[in-house]
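In: A structural model of the following input is requested.
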Amino acid sequence: MNHAPAKLYSFEQYFLKNSSQSARLHAWVEEAWLPAYTRLTGSSSVLVADAIVADHVPQVALIAEWDSFAQWHETRASMRADADMRAALGYWEDHHEPPYEHFTQSLLEATPYSPTLQPGGEKSRIFELRVYHAPTYRQLRALHDRFEGPEIPIFHRCGIHPVLYTSALFGSWMPNLVYFTPFDNLAARETAWAKFMADEEWVRVRTESIAEHGQINAFFKVALYRASAYSPVK
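Out: Numbers count the residues shown, from 1 in each chain. Have a look, this model is predicted:
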């Protein structure tokens, strides 16, 4: 049976100062980058969000969907060559301070069990980023098997509904499982995770997983973002 190629997602994190950088970055994304992306790809599967709890705040995250590595590469080249984009970028950078302190970029591949990132939403939700680092690729496979098997149904029962499950093709803390979960507010997040951690089936599944594979999640990183008002994915 032939399967469609997995979607790819670029994940950019822009690290800023408490200054005009955030407003200028959002203006460029909203007025230049996002229209060009939509025009060139025909997609609006993009999440733009501000960090509210992270290792660096202020910070803006930009997650965008791609059909293939070739599309990602060719679209980036088209954007760099576009006269309007160059003019917008020049305006964005024409300031007494740099437009950002620095940025990082990862390319993520959707897992076979992942939903696709869908635009929509009436109000800006909180998105939780979790990065689970596995010691080996063998243990990463066991981590994926656990998610694809019993863990996701437990998530859903507890009010945890991730919109994207991925692993990095390149980036930091590899090998890994990277996933994004929306919540209406911080209280809803706290309630859902407390219910999950106390779930009897989850306690059993985790115990059995460690007994068979060892500690397949060596450590994890968590950050919280709020979707911007203009983000297609809210």
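
In: domain-wise, how is this structure divided?
Out: The record's domain parsing of the chain by automatic domain parsing lists 8-110, 126-227.

In: least reliable of those going by mean pLDDT?
Out: Looking at these, the lowest mean pLDDT belongs to domain 8-110 (a mean of 92).

In: okay if I get the domains of the chain as JSON lines plus mean neighbour count and distance to residue 120?
Out: Placement of C-beta: from N, CA and C, glycine included. Converted to JSON lines, the domains of the chain look like this (neighbours: other C-beta atoms under 10 Å; distance: least, C-beta to C-beta, whole Å):
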{"stretch": "domain 8-110", "mean neighbour count": "16", "distance to residue 120": "9"}
{"stretch": "domain 126-227", "mean neighbour count": "16", "distance to residue 120": "11"}
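
In: ok, which of those comes nearest residue 119?
Out: Between residue 119 and the domains of the chain, the shortest separation by C-beta to C-beta is 4.5 Å, and it involves domain 8-110.

In: just the terminal-to-terminal distance for the closest one.
Out: The distance separating the two terminal residues of domain 8-110, taken as C-alpha to C-alpha, to the nearest Å, comes to 6 Å.

In: hang on, the earlier thing: which of the domains of the chain sits closest to residue 233?
Out: Taking C-beta to C-beta as the criterion, domain 8-110 is the member of these that comes nearest to residue 233, at 4.1 Å.

In: what separates that closest one from the chain centre, distance-wise?
Out: A distance of 13 Å separates the C-alpha centroid of domain 8-110 from that of its chain, computed with C-alpha atoms, centre = their mean, to the nearest Å.
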